[in-house]
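[1] Pasting a predicted model and its sequence here:
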Protein chains: 2
Amino acid sequence: MRQDVSGLVKKLDVEKVSRLLDIPLHRITGALKRKTLQYVRGKPELFRFDKPVSHVDGGTAVFIEPFDVVRGFPKISRTLMLYPAVSRHFSSCRKVAVEEKMNGYNARVALIGDEILGLTRGGFVCPYTTEKARDLIAKDFFLDHPDLVLCGEMVGPDSPYVPKSFYDIESLEFFAFDVREKITGKPMPVMERRALMGEYGIKSVRLFGEFDVIEAHIEITRIIKELGSAMHEGVVIKDPEMSVPPVKYTSSQSNCADLRYAFELYNDFGRDFFFGRVCREAFQSVEWGEDEETLGERCLQLGESILLPMIKTIKKKKAGERIAENVQIRVKSLDTVTEFQEYLRLLGVDAVFEEPQKMGIEYLVRIKRINHSTNDKTEAILGGQMWS
Amino acid sequence: MRQDVSGLVKKLDVEKVSRLLDIPLHRITGALKRKTLQYVRGKPELFRFDKPVSHVDGGTAVFIEPFDVVRGFPKISRTLMLYPAVSRHFSSCRKVAVEEKMNGYNARVALIGDEILGLTRGGFVCPYTTEKARDLIAKDFFLDHPDLVLCGEMVGPDSPYVPKSFYDIESLEFFAFDVREKITGKPMPVMERRALMGEYGIKSVRLFGEFDVIEAHIEITRIIKELGSAMHEGVVIKDPEMSVPPVKYTSSQSNCADLRYAFELYNDFGRDFFFGRVCREAFQSVEWGEDEETLGERCLQLGESILLPMIKTIKKKKAGERIAENVQIRVKSLDTVTEFQEYLRLLGVDAVFEEPQKMGIEYLVRIKRINHSTNDKTEAILGGQMWS
């Protein structure tokens, strides 16, 4: 796996990166050798951190021409029970701000040179996210604040990464949930950030309010039950000053929706994905002190979320169909379609693009993402192969 | 991890092992260094294969004094659907023999020198299994056939490895399902083996019959449904000549019982354990063409098997109890208790033994196996720690 990285070392300007990100030089060359710090061909050229190195988050992108850095979006811890986790975690705060966690994909938008670029969680520049970001976000913001990166959720039916949407959104919208310094990753306090977004007409995720830490778990329980019944995902609980890292908590309906989605593609998902979601259900039921009837309902819900989609997949395969995930994108420029197709190829995703359909001034393109592992495993078992 | 193994090389007589098991010499020393081939102190001293090396199964035991080998019990493949797996797998056979797969623990019994020893699947000599084997199996068998090893299931409530038993067994019984040559591992044809067991009054697992390969899946479906409703585990399907390797298939009730057991100790089990069992349910439902009502019942069953035991564990921990597994052994000699206690310590199992209770000519000893991982994780989350 190790390779000669002298060319990459020259291209990257490792000394500058070492200084700026405060990583020892040898750890950068080591990361290049292990491809934890990965060169990504394309326009623009960049290096991305595939995983954390030292204290630098995975998803951090280092641009070459012009030189610039966009810090990765930090992983948010999850709690399985609100009490006493919230009051413990935020013990140094008087209040917590509770914002909605939406079900879309994480995107960072930043100005590199004189271009607005849309980055995915992994630190790739996604051509589709870029076109959408340029459309949805006033360039003024970046002209006034070239040192800031907008972090938010891209939500809606025209999403190439999320097949279903439970929001009243026509195409795709960007909802900011963080504004950070590009190079340091330092976040802006919650209310200041929301006011700033308001000034530039950029949407923010919903704020449920600021609550006293000691009773926040009661308010959040109420909020989560409401969100759940609307099939919404959950909340992120934040120190208003953003000094203490945020914590996320999700509804049972969202867990089950995730499971339904994942079990349709049961062999393409990591096994931890299933396990974690099951554990959330158990702890939530205990925290909410559920009676037998409610618990029975939860058990049925869980069982159905696991078995029904998997059975659907097996039957589909039995009928000779191919297991695929249907998503769609909507673009103004057909060039974006070509670029997005190349981009998916670079990521190793096997996707079939249908012919673009003219819709007013835009084009709708339906995409089938082929899930080879589930396809192959299901076909093998139906054909008489052993499980193991 | 690597260590100086010259002492072990001398003790083992690697050349003899290399010749007998047909493994290249350097692979044996390599396995010793990696501890894949592991020295086990104790009486008797032995080396065990922790994992397969070349074509030699994990669980193979090499005894030193006197020198002898007991081959590991081979892993049996599992099918998730009976059709067309059975007819494909056994395409070279005219008939298959179907025997019951019981829910106990796998044991091999062999004569080493002039002592009958009971080995676990992993290739350890278990003092409890040894006492039981000497009690249950006529020594005559081994005097007449010193070159054979009896492979079978130890089943019943007095089992230190399996907490629940659904059979009408008072203490612990041995049911043979295989007779193999000690050194080569070569199996005996099914009917010959059953007749031989009969001659010596050794119990065999239940034989459901020999069926034509092309219609075996129909018979086995019927058998599995019957077994399931009695909470029994499943079947092993065999080439009567034992030339083609056997295949196992289990009932939904047994899958769910496994899940109930594992989710009570959710953090002590591997995540593949859960995943595999869930997949079995989905494929079985498709193969059986279930209607909506039956499928709904299966979903509820699955959801309950996952959530209820985990919730029970969380509530127990919340009430300040320790998460433990209750098992019991019944012995004639108190020495066996001491030896078994030492043996569990060697395996790294944390177990608390209660005072032996006199029961006729035997002693009953209740044992609590402490499941640290589930204990610690549950306590941490209840105390306000994040999931990740």
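    Done, it's in.
[2] show me where the stretch 1-150 of chain A has strands.
    A:37-40, A:46-49, A:61-63, A:68-70, A:77-78, A:95-101, A:105-112, A:115-120, A:148-155 (DSSP state E, counting those that start in this stretch).
[3] Describe which strands the second one pairs with in its sheet and in which direction.
    Applying DSSP bridges, strand A:46-49 is found paired with strand A:37-40 (antiparallel), strand A:61-63 (antiparallel).
[4] Give the residue spans of the stretch 51-200 of chain A that score low on pLDDT.
    Of all residues in the stretch 51-200 of chain A, none has pLDDT under 70.
[5] Alongside chain B, which residues does it contribute?
    A:77-81, A:83-85, A:87-89 (C-beta under 8 Å from any C-beta of the partner chain). Yep, even glycine has a C-beta here, placed from its N, CA and C like the rest.
[6] now do 7 Å
    Contacts of the stretch 51-200 of chain A with chain B, taken as C-beta under 7 Å from any C-beta of the partner chain, map to A:77-81, A:84-85, A:88.
[7] got JSON lines for these, with distance to B:His232 too?
    Output for these, formatted as JSON lines (distance: C-beta to C-beta, whole Å):
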{"residue": "A:Ser77", "distance to B:His232": "44"}
{"residue": "A:Arg78", "distance to B:His232": "40"}
{"residue": "A:Thr79", "distance to B:His232": "41"}
{"residue": "A:Leu80", "distance to B:His232": "36"}
{"residue": "A:Met81", "distance to B:His232": "38"}
{"residue": "A:Pro84", "distance to B:His232": "45"}
{"residue": "A:Ala85", "distance to B:His232": "43"}
{"residue": "A:Arg88", "distance to B:His232": "47"}
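[8] Return the subset of those residues lying in helices.
    Those of those mapping onto helices are A:85, A:88, per DSSP state H.
[9] give the contact list for the residue in the stretch 151-300 of chain A positioned nearest to chain B.
    Per C-beta to the nearest C-beta, A:Cys299 is where the stretch 151-300 of chain A lies closest to chain B, at 3.4 Å. By C-beta atoms under 7 Å, 6 or more residues apart in numbering or on different chains, the contact list for A:Cys299 reads B:300, B:303-304, B:307-308.
[10] Show me what counts as buried in stretch A:357-376.
    Buried residues in stretch A:357-376, counting neighbours by 16 or more other C-beta atoms under 10 Å in any protein chain shown, are found at A:362-365, A:367-369, A:371, A:374-375.
[11] And for stretch A:189-199?
    Buried residues in stretch A:189-199 (16+ other C-beta under 10 Å): A:189-190, A:193-194, A:196-197.
[12] Run a quick neighbour tally on the residue nearest to A:Phe211 when sequence neighbours are not counted.
    Nearest residue to A:Phe211, sequence neighbours excluded (C-beta to C-beta, 6 or more residues apart in numbering or on different chains): A:Glu219, at 4.8 Å. The local packing count at A:Glu219 equals 19, with neighbours defined by other C-beta atoms under 10 Å in any protein chain shown.
[13] The one 10 residues further on too?
    Residues lying near A:Ser229 (other C-beta under 10 Å) number 10.
[14] Name the helix or strand for the residue nearest to it when sequence neighbours are not counted, please.
    Spatial nearest neighbour of A:Ser229, chain neighbours left out: A:Gln253 (7.4 Å); criterion: C-beta to C-beta, 6+ apart. Taking DSSP states H and E as the criterion, A:Gln253 maps to helix A:252-264.
[15] Dump that helix to CSV, keeping only the CA atoms.
    Output in CSV follows, covering the C-alpha atoms of helix A:252-264 (Å, rounded to 0.1, in the frame of the first residue of the first chain):
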residue,chain,number,x,y,z
SER,A,252,-37.7,6.3,16.8
GLN,A,253,-39.4,7.0,13.5
SER,A,254,-36.1,8.1,12.0
ASN,A,255,-34.2,5.1,13.4
CYS,A,256,-36.8,2.8,11.8
ALA,A,257,-36.8,4.8,8.5
ASP,A,258,-33.0,4.3,8.4
LEU,A,259,-33.4,0.6,9.1
ARG,A,260,-36.0,0.3,6.4
TYR,A,261,-33.6,1.9,3.9
ALA,A,262,-30.6,0.0,5.0
PHE,A,263,-32.3,-3.5,5.0
GLU,A,264,-33.4,-3.0,1.5
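[16] elements contacting the next helix or strand after that helix?
    Next in sequence after helix A:252-264, counting helices and strands by DSSP H and E, comes helix A:271-287. Judged by 3 or more C-beta pairs under 7 Å, 6 or more residues apart in numbering or on different chains; DSSP states H and E, helix A:271-287 is in contact with helix A:252-264, helix A:292-318, helix B:271-287, helix B:292-318.
[17] which ones are touching A:Ser208?
    One thing to correct before we go on: residue A:208 is Phe, not Ser. Here A:Phe208 is in contact with A:98-99, A:223, A:235 (criterion: C-beta under 7 Å, 6+ apart).
[18] Just flag the most distant two among these.
    By the measure C-beta to C-beta, A:Glu99 and A:Ile223 form the most distant pair in the contacts of A:Phe208, at 10.3 Å.
[19] Give me the distance between A:Gln385 and chain B.
    Going from A:Gln385 to chain B by C-beta to the nearest C-beta, to the nearest Å gives 7 Å.
[20] Find the residue closest to that residue in space, skipping its chain neighbours.
    That would be B:Ala85: by C-beta to C-beta, 6+ apart, it lies 7.1 Å from A:Gln385.
[21] Grab the most central residue of chain A for me.
    Closest to where the C-alpha atoms of chain A average out (C-alpha atoms, centre = their mean) is A:Asn106, at 3.5 Å.
[22] Is that residue bridged to anything, and to what?
    A:Glu153.
[23] How about the residues of the stretch 201-350 of chain A by chain B?
    A:247, A:266, A:271-272, A:274-276, A:278-279, A:281-283, A:285-286, A:298-304, A:306-308, A:310-311, A:314-315.
[24] please redo it, this time with the cut-off set to 6 Å
    Listed as neighbours of chain B in the stretch 201-350 of chain A under the rule C-beta under 6 Å from any C-beta of the partner chain: A:271, A:275, A:278, A:282, A:285-286, A:299-300, A:302-304, A:306-307, A:310-311, A:314.
[25] which of the residues you listed lies closest to A:Ser333?
    Closest to A:Ser333, out of all of these and judged by C-beta to C-beta, is A:Met310, at 39.0 Å.
[26] quick one: contacts for the residue lying closest to that closest one once chain neighbours are set aside?
    The shortest distance from A:Met310 to any non-neighbouring residue, by C-beta to C-beta, 6+ apart, is to B:Ala282 (4.0 Å). For B:Ala282, the contact set (C-beta atoms under 6 Å, 6 or more residues apart in numbering or on different chains) comprises A:307, A:310-311.
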